[in-house]
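Student: Model the following, please.
(one chain, ligands or ions: 1)
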Amino acid sequence: MCGIIAYSGNRSATPILLNGLRKLEYRGYDSAGIAIHSNNSIHIYKQEGKVENLVKSIGDYENDSTHMSGNLGIAHTRWATHGPPTTDNAHPHGASASGEEHNIALVHNGIIENYRALKSRLEGEGRVFHSDTDSEALSHLIDSYYDGDLAKAVSTALKEVQGTFGIACLAKADPGKMVVARRGSPIVIGLGDDETIIASDASAIISHTRQVIYLDDNDVAVIQGGKVDIRTLDASPVVRDIADIDWSEDAAEKGGYEHYMLKEIFEQPTAISNSIRGRIDTDRGTSVLAGLQLEPRDIVDLQRLVIIGCGTSMNGGLVGEYAVEDFAGMLSEVEQAAEFRYRNPIVGSKDMVVAISQSGETADTLAAVREAQCKGALVAGLVNVVGSTIARETGRGIYLHAGPEISVASTKAFTCQVSVLLMIALKFARSRRLSHEEGIKIAKEIERIPELVEEVLKQNDHIAKLAEDFVDYDNMFYIGRGYLYPVALEGALKIKEISYIHAEAYHAAELKHGPIALLEESMPVVALLNEGPGKEKTLGNVEECRARKSPVLGVITAGDEEAKINCDWYIEVPASPHYTATITSTVALQLFSYHVARLKGCPIDQPRNLAKSVTVE
Ligand code: M6R
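Tutor: Numbers count the residues shown, from 1 in each chain. Below you'll find the predicted structure:
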């Protein structure tokens, strides 16, 4: 989704901002732009398409002593919401009453919900708009209040705004100053030596500094060189903690892999080890999750565990639901976060709600968190991005420690989410009904996950080869039962988002209640056939598919000859209980999706129309 990078300091802003834009590309975008304050003017360049189009349009900025040589600037990658992805709709948006020069330049993430009313009022005052965006209305609104004090103009304008924003703003008449603010859309302030780098996420800052401040909602910060003054919308000073980014710049680079997605798939043994390190107590057969802030007595008192999330995070949540019921005998439900927020959910003080989000910024999940808090539930976050809004607003929870996930398609976040959910289920189970002995068994199985994943990764060449047979299919079905049903959902999501093959996931038993009508030679079926409960029944469903000429790709337990003879292709994963086979089988299907998409020449790390962090409804 949209990305912001801004700079104030002693160095030339343009190269810093252009590099920052490149680091933000992974979020998904369709146009980019930059505004530099230089020689008493604001110079704006914008371009449809990739950042490199923008770079070309600027020309030789390194030898330019006028336009682009300033050391104050803002830049943006736009993911279209209001108006198509054109150059005019790209940010920054300049504004002035006369429409001739830019008195103000603004970059904005989020949505100004009342922009139509603001726009028609401002047009009534004679202002001319050049874009279809909601953001331009905010730029003009700020300009309309500007009388030499940029922070005051921004605060006054933001009080009139309904919706969400993360913004960075410059004024022509304020050469050394930038104002940034947020409500519902993240702003991270990086503190350097006599310089400040602002961004919508830390990946664009890490090459400059590890010391950051995360703005809270309705904070307005005035930045001048290395000075940061944070206030509320009513201008009362506030102090925000300085945090350290705990991952290195290398972690956000491709490291020799062709795509971030492949690198992140291969990082999973390490990422999962980081997620479980120090959190498994094999002697006591339990897990140690202090971040949940729950004593055994609190767990006994809980009636239900509700898990909320979107997309891959919701699929991970479904494994959590099964594990909590299976290990702990406790009621658990997973809910799509947008559905939860809007349907007046029945939750209360006896419920714990766990919000799962890689980014910690997903708008629907965040709103669901607030709804659950409002109803008095205990709310915890299961989040990867440290300092993100969901992590901070829940105040309790567990970080995944998966490291930065750059590819839009989520991979390591899912397997780390499932690993942590299994630990939560184990902890709850040991406070309720699970014996010491059973607890030790599960704890040891969780500890094995990284090595099991290593085994699956060894199948990479085999999976790449069989993927060749799938590039010409337009449709696919994925089927599974029990713990393996969420794997089918995640497998189908992965292939559709990166290879654009239409894929549907069904509980294997559901196939004959309708979807079977579509089975024919051109409809391959991916079947989750790991040894364990339900395998024989799924094998029966596989036979039904093959009887209708659908070819079958099975994900099977290594050495399972019975499964092999029933499949046209197979991928073997190591033997393990179904609760950890969720992870090994998903890794196999991640590699499968990756290779199909690669062979089809798809833009794997930035699939069309998708954004890494979905901060709008
Ligand atoms: O950051 P989140 O985990 O909250 O994101 C939720 C979904 O938007 C995300 O999982 C999405 O489905 C991914 N593209 C899946 O690969």
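Student: residues contacting the closest residue to the ligand within the chain?
Tutor: Closest contact between the chain and the ligand, by Cβ to the nearest ligand atom, is at residue 311 (2.0 Å). Where C-beta positions appear, they are placed from N, C-alpha and C, glycine not excepted. Residues in contact with residue 311 (Cβ atoms under 8 Å, 6 or more residues apart in numbering) are 410, 493.
Student: where does residue 416 fall, helix, sheet strand or coil?
Tutor: Secondary structure, DSSP: H, G, I helix; E, B strand; the rest coil: residue 416 is helix.
Student: And residue 391, how close does it get to residue 410?
Tutor: 17 Å (Cβ to Cβ, to the nearest Å).
Student: the more surrounded of these two?
Tutor: Neighbour count, other Cβ atoms under 10 Å: between residue 391 and residue 410, residue 410 has more, with 27 against 24.
Student: Validate this expectation: the more buried one resides in a strand.
Tutor: No: Residue 410 sits outside any strand when classified using three-state DSSP, being coil.
Student: ok, it - contacts?
Tutor: By Cβ under 8 Å, 6+ apart, the contact set of residue 410 is 311-313, 358.
Student: Make TSV out of those and add secondary structure, pLDDT and distance to residue 204.
Tutor: As requested, the contacts of residue 410 are exported to TSV (DSSP: H, G, I helix; E, B strand; the rest coil; pLDDT from 0 to 100; distance: Cβ to Cβ, whole Å):
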residue	secondary structure	pLDDT	distance to residue 204
311	helix	97	23
312	helix	98	23
313	helix	98	23
358	coil	96	17
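Student: How is this protein partitioned into domains?
Tutor: Listed by automatic domain parsing, the domain ranges of the chain are 3-245, 255-447, 458-603.
Student: got the residues of this structure near the ligand?
Tutor: When proximity is defined as Cβ under 6 Å from any ligand atom, the chain approaches the ligand at 310-313, 357-359, 362, 365, 408-410, 497, 610, 613-614.
Student: same thing but 5 Å
Tutor: Applying Cβ under 5 Å from any ligand atom, we find that the chain lies next to the ligand at 310-313, 357-359, 362, 409-410, 614.
Student: Looking at those, spot the one nearest residue 598.
Tutor: Taking Cβ to Cβ as the measure, residue 598 lies nearest residue 409 of the residues of the chain next to the ligand, at 12.3 Å.
Student: and that closest one, how many neighbours does it have?
Tutor: Other residues near residue 409 come to 28 when the count uses other Cβ under 10 Å.
Student: same check, this time on the one 5 residues further on
Tutor: Under the neighbour criterion other Cβ under 10 Å, residue 414 is assigned a count of 32.
Student: Residue numbering should commence at 4 henceforth.
Tutor: In the new count, where the first residue is 4, that last one comes out as residue 417.
Student: Pull out the buried positions in stretch 551-569.
Tutor: By 16 or more other Cβ atoms under 10 Å, the buried positions in stretch 551-569 come out as 553-561, 563, 566, 569.
Student: out of the residues you listed, which are inside helices?
Tutor: residue 566 (DSSP state H).
Student: now the buried residues of stretch 551-569 as CSV including pLDDT?
Tutor: Formatted as CSV, the buried residues of stretch 551-569 follow (pLDDT from 0 to 100):
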residue, pLDDT
553, 97
554, 97
555, 98
556, 98
557, 98
558, 98
559, 98
560, 98
561, 97
563, 97
566, 96
569, 94
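Student: Widest-spaced pair of the buried residues of stretch 551-569?
Tutor: Spatially, the most separated pair among these is 553 and 561, at 24.4 Å (Cβ to Cβ).
Student: which residues of the stretch 504-620 of the chain fall in helices?
Tutor: For the stretch 504-620 of the chain, applying DSSP state H, counting those that start in this stretch gives helices covering 538-550, 564-568, 581-602.
Student: Please name whichever of these is nearest to residue 257.
Tutor: Nearest of these (Cβ to Cβ): helix 581-602, 13.9 Å.
Student: any idea how far the closest one is from the chain center?
Tutor: With Cα atoms, centre = their mean, to the nearest Å as the basis, helix 581-602 stands 19 Å off its chain's centre.
Student: Go through it and flag the buried ones.
Tutor: Judged by neighbour count (16+ other Cβ under 10 Å), helix 581-602 contains these buried residues: 581-601.
Student: repeat for stretch 202-218
Tutor: Buried-residue list, stretch 202-218, by 16+ other Cβ under 10 Å: 202-209, 211-213, 215-218.
Student: what distance separates that stretch from the middle of the whole chain?
Tutor: Relative to the mean C-alpha coordinate of its chain, stretch 202-218 is positioned 17 Å out (Cα atoms, centre = their mean).
Student: The closest residue to residue 116 other than its chain neighbours - how many residues pack around it?
Tutor: Nearest residue to residue 116 in three dimensions, chain neighbours excluded: residue 166, at 3.8 Å (Cβ to Cβ, 6 or more residues apart in numbering). When neighbours are counted by other Cβ under 10 Å, residue 166 registers 17.
Student: cool, and residue 150?
Tutor: For residue 150, using other Cβ under 10 Å, the count is 9.
Student: Give me the three-state assignment for residue 215.
Tutor: strand.
Student: which helices and strands does the host helix or strand of residue 172 pack with?
Tutor: Residue 172 belongs to strand 168-174 when assigned by DSSP states H and E. Contacts defined by 3 or more Cβ pairs under 8 Å, 6 or more residues apart in numbering; DSSP states H and E place strand 168-174 against strand 6-11, strand 75-81, strand 107-112, helix 138-148, helix 153-163, strand 181-186.
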